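>>> attaching a predicted model along with its sequence, questions to come.
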Amino acid sequence: MNIVFAAPAYKPAHKFGGGVTAVADMAEHLAKRGHKVKVFTSSSNVDELLDVPCGVPVDVESVEVHYFKPYSLLKKCLSFIPYVASAGGLLYCPGIREALEREAPNADLFHLHLPFNYPCYAAGHTALKFKKPLFYHQHAALLPEYLKFRTLKKLPYLLLAEKPMLRKATTLFALTSYEEESYRALGLNTPCKVIPNGIDREKFRTRPVGELPKALREIPGNAKLILFMARLHPIKGADLLLKAFLRIGKERPDAFLVLAGPDVYNLQAGFIALAKEAGLEKQVLFPGMVSGEDKLNLLARADIFCLPSQAEGFSMTVLEAMASKTALLLSTGCHFPEAEAKGAGWELPLDEAKWADKLSWLLQNHGKTLKAAESAYILSNDYSWNSIVERLEAVYIPEVERNSNF
C-alpha cells in the first residue's frame, strides 16, 4: 500500500515526546512489511528547528519524509514569552498542502497523528477532498487532562477544525480504552479501534554498557537509582515524584532520583531549589534530555522507573523501561493496569504521601523490584511492533479495498 502519514513533527524532533518515537517506529515497521510510507511533517523541534532539508524527500530509515519549515509570526515576535516559546504552535507550513494534494492521487490511505497542528489539518482535508480512507491517532492529546492545559486555544480549534474532520474520518485509533472513551466524550461516533504502541525489545539492553551520561557519573555503582524520563511538563508529574523523594531521601543516602527530560516549561530551576531546601541536591540529578547510548544505559541502570503522570495514552518510555528489564511505578493516570496485574510494577493514585511510602518500601525490599523487573521484561514481549503493525493492517486493508471498489 501507499501510505501517507501526517504529523506535527518527526524524528529526530524528540522534544515533542514519545509520540514522535511511536510514529517513526510505526512508519518504519510498515515500510519493513513492504508498504511505501511517506511522512509529511514540519521541521520543528518545539523551541528550535531541525537541521534537515525542507521541501524535498528525505530517506529516514526507509521512510520517505517530507519536512516543511513552519512559519509563525506570533512565535517569531513573542519568543521571549515562556508560554509562547514552550508551545509547539499550529506549525503552519507553507507548501505542505500543495505537496499533499500532488501525492493524494497515488495514496491508498492517509493516517494522521495528533491534533492541533496544520500538517494534520491539511492532510485530513486532502484525504476528504480526494475521497481517500482517513485514519486518526490522537496519542493522548484529546484526553480530558490534556484538554485542560492551554484550554483557551485548544477548545475553539477542536470545535471549528478538529471535530468536523474526525466525524468524517474512516476510523479513529485509540491506544487504550480510556482514549476511546475520550473520543466518545467529545461526541464523536466515528468507528474506533484500540491498538497500543509497540516496542522493539532487541534495541534495548538489560545491563548498561559503558558509562552513564556525564551528569550522572558520580552515582555510586551500588546506589539505588529512581528514574523519571519524560518532558518536564506539568502533566507528567515530576513535581509529585520529587516531593515524594524529598520526604524519604535523607533516610536513604544510597538512593538517587534522576529527572531526565527536556525542560521546555522552565520547571527545573524550581525543582533544584526544592532539592536544595531539603538538603538533598546531591541526590537529585538533572541530566536534561538523554538519547542514544546514554538513554539505553540509563534505562538499563535504573532500579525503578517512575511516571506519576496525570494522563498518558500509552507511554513509549514505559515500554522502553520494560524492555530494559526495569521495574515500574506508575500512576493510575498512565492507564496501564496490566503492569501491576502481570507483576511488572505497581500502580498508585496521585498522592504524594503514598508515592513516598511506596518508594521507601521498594528501597527496603530490593528483591521485589528485581522480581518486578523480570516480569516487566517478559511483558514487553506482548507489545512487539510486528504484532501491532499486523493489527493496523487488519484495519487498513478492508477500508482500502472497499474504497478501491467505489
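Yes, it's here. Numbers count the residues shown, from 1 in each chain.
>>> all strands of the stretch 301-406 of the chain, in order?
In the stretch 301-406 of the chain, strands defined by DSSP state E, counting those that start in this stretch lie at 304-307, 327-331, 345-348, listed in chain order.
>>> could you list the domains of the protein?
2-198+384-404, 201-383 (automatic domain parsing).
>>> circling back to that earlier point, including mean pLDDT and distance to K32, could the strands of the stretch 301-406 of the chain go into JSON lines?
Using the backbone N, CA and C atoms, a C-beta is placed for each residue, glycine as well. Shown next, in JSON lines, are the strands of the stretch 301-406 of the chain (pLDDT from 0 to 100; distance: least, Cβ to Cβ, whole Å):
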{"stretch": "strand 304-307", "mean pLDDT": "98", "distance to K32": "28"}
{"stretch": "strand 327-331", "mean pLDDT": "98", "distance to K32": "28"}
{"stretch": "strand 345-348", "mean pLDDT": "98", "distance to K32": "30"}
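>>> okay, now the unreliable bits of the stretch 301-406 of the chain?
406 (pLDDT under 70).
>>> let me know the pLDDT of L73.
At L73, the model reports a pLDDT of 56.
>>> Throw the domains of the chain into CSV and include mean neighbour count, thanks.
Formatted as CSV, the domains of the chain follow (neighbours: other Cβ atoms under 10 Å):
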stretch, mean neighbour count
domain 2-198+384-404, 19
domain 201-383, 19
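>>> low-confidence ranges in the stretch 51-200 of the chain?
Looking at the stretch 51-200 of the chain by pLDDT under 70, you get 72-88.
>>> all strands for it, in order.
Here the stretch 51-200 of the chain has its strands, by DSSP E, counting those that start in this stretch, at 57-60, 63-68, 109-113, 134-137, 171-174, 192-194.
>>> mind giving me the packing neighbours of the first one?
Going back to what we said before, that points to strand 57-60. On a contact count with 3 or more Cβ pairs under 8 Å, 6 or more residues apart in numbering; DSSP states H and E, strand 57-60 meets strand 63-68.
>>> can you name every helix or strand that the strand it packs on contacts?
helix 18-32, strand 36-42, strand 57-60, helix 96-103.
>>> save those as TSV, and put in distance to P119 too.
Shown next, in TSV, are those (distance: least, Cβ to Cβ, whole Å):
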stretch	distance to P119
helix 18-32	12
strand 36-42	6
strand 57-60	15
helix 96-103	6
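>>> closest to W346 out of these?
Checking the helices and strands packed on strand 63-68 against W346 by Cβ to Cβ gives helix 18-32 as the closest, at 21.0 Å.
>>> CA atoms of that closest one as PDB?
What follows is helix 18-32, C-alpha atoms only, in PDB (Å, rounded to 0.1, in the frame of the first residue of the first chain):
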ATOM      1  CA  GLY A  18       7.300   9.800  22.900                       C
ATOM      2  CA  GLY A  19       4.600  10.400  20.300                       C
ATOM      3  CA  VAL A  20       7.400  11.200  17.700                       C
ATOM      4  CA  THR A  21       9.100   7.900  18.600                       C
ATOM      5  CA  ALA A  22       5.800   5.900  18.200                       C
ATOM      6  CA  VAL A  23       5.000   7.500  14.900                       C
ATOM      7  CA  ALA A  24       8.500   6.800  13.500                       C
ATOM      8  CA  ASP A  25       8.600   3.200  14.700                       C
ATOM      9  CA  MET A  26       5.200   2.600  13.200                       C
ATOM     10  CA  ALA A  27       6.200   4.000   9.900                       C
ATOM     11  CA  GLU A  28       9.400   2.100   9.800                       C
ATOM     12  CA  HIS A  29       7.700  -1.300  10.600                       C
ATOM     13  CA  LEU A  30       5.100  -0.700   7.900                       C
ATOM     14  CA  ALA A  31       7.900   0.000   5.500                       C
ATOM     15  CA  LYS A  32       9.700  -3.200   6.500                       C
END
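>>> mind checking which of the helices and strands packed on strand 63-68 is nearest A344?
Of all the helices and strands packed on strand 63-68, helix 18-32 comes closest under Cβ to Cβ, at 18.1 Å.
>>> packing partners for the longest helix along the chain?
Counting residues, the longest helix found in the chain (DSSP state H) is helix 385-404. Contacts defined by 3+ Cβ pairs under 8 Å, 6+ apart place helix 385-404 against helix 18-32, strand 109-113, strand 171-174.
>>> let me have these in TSV, extended by distance to A341.
Below are the helices and strands packed on helix 385-404 laid out as TSV (distance: least, Cβ to Cβ, whole Å):
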stretch	distance to A341
helix 18-32	22
strand 109-113	29
strand 171-174	20
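>>> wait, which of these is closest to I219?
Closest of the helices and strands packed on helix 385-404 to I219 is helix 18-32, at 24.6 Å (criterion: Cβ to Cβ).
>>> let's have the strands of the stretch 301-406 of the chain in CSV, adding distance to A394.
Output for the strands of the stretch 301-406 of the chain, formatted as CSV (distance: least, Cβ to Cβ, whole Å):
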stretch, distance to A394
strand 304-307, 30
strand 327-331, 29
strand 345-348, 30
